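1. how does the following fold in three dimensions:
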Amino acid sequence: MSQVTPAEIEKAIRNVPDFPKAGIQFKDITPVLADARLFAGTIDLLCDGHKPGSVDAVVGIDARGFIFAAAAAIKLQAGFVPVRKKGKLPHKTHEQDYALEYGSATIAMHIDALKPGSKVLLVDDLLATGGTAGAAISLVKKLGAKIVEVSFLIELKFLNGRDKLKGCKVKSLVVY
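-> Numbers count the residues shown, from 1 in each chain. Next comes the predicted model:
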């Protein structure tokens with residue numbers, strides 16, 4: 001499979017104006033997913049710098065982050081750990097609240113999802129304000145695991161999400 005560049009990925013991302021509401025420029029990743037070469041290349045780039053055995057788990061954030069994190073976990077021969085919205089996981093969980101533009105939300109992770117000292121790659125599709133990723137990092141740390149890197153397909157730089165991820169190595173493939 002030939003090497004994919006971030007520029008090729010960016011070209012495939014569809015901009016959908018006024019979705020889900022007026023004024024939002026939604027970044028639609030489905031064209032990347034639909035192209036086997038781009039999808040595989042995206043996973044390669046998200047995992048770049050890591051090799052099988054270098055991380056114990058790949059944590060993915062609900063919901064589109066699951067797509068990339070699960071594929072990364074397979075590539076890295078690591079476990080996959082989902083971070084879900086409150087009330088969606090069936091076993092006992094740790095929960096973390098985080099701020100939204102208006103109000104707050106809560107995400108959860110199973111209390112036994114990670115072992116203390118585990119090396120974790122956190123993967124999501126989009127870094128916007130950093131609230132969800134920051135909350136996921138808090139959950140990982142609550143379980144005694146260590147974030148090796150946080151990898152995103154897209155970063156909306158103008159929303160300053162990296163500011164909430166201080167102390168973590170952050171990688172974004174496409175930055176707007």
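2. so the most centrally placed residue in the chain, which of the three states?
-> Of all residues in the chain, the one closest to the mean position by C-alpha atoms, centre = their mean is residue 124, 1.4 Å from it. Classification of residue 124 by DSSP: H, G, I helix; E, B strand; the rest coil places it in strand.
3. need the contact list for it.
-> 60-61, 64-65, 68-69, 132-133, 136, 150-153 (C-beta atoms under 8 Å, 6 or more residues apart in numbering). Where C-beta positions appear, they are placed from N, C-alpha and C, glycine not excepted.
4. same check on residue 143?
-> So, once contact is read as C-beta under 8 Å, 6+ apart, residue 143 ends up touching 94, 109, 111, 113, 114, 115, 116, 118.
5. mind running it again at 10 Å?
-> By C-beta atoms under 10 Å, 6 or more residues apart in numbering, the contact set of residue 143 is 81, 94, 109-118, 120.
6. now residue 9
-> So residue 9 contacts 29, 31-32, 35, 38-39, 41-42, 45, 153-154, 173-174 (C-beta under 10 Å, 6+ apart).
7. then residue 15?
-> 25, 26, 27, 28, 176.
8. make it 6 Å
-> residue 25 (C-beta atoms under 6 Å, 6 or more residues apart in numbering).
9. now it: which helix or strand?
-> Secondary structure assignment for residue 15, by DSSP states H and E: strand 14-17.
10. and that strand, which strands flank it?
-> Strand 14-17 has its sheet partners listed here by DSSP bridges as strand 25-28 (antiparallel).
11. how far out from the middle of the chain is the partner strand?
-> 16 Å (C-alpha atoms, centre = their mean, to the nearest Å).
12. need phi/psi at the residue lying closest to the residue nearest to the centre of the chain once chain neighbours are set aside.
-> Closest residue in space to residue 124, ignoring its immediate chain neighbours: residue 65 at 3.7 Å, by C-beta to C-beta, 6 or more residues apart in numbering. When read as degrees, to the nearest 10, the backbone of residue 65 gives phi -60, psi -30.
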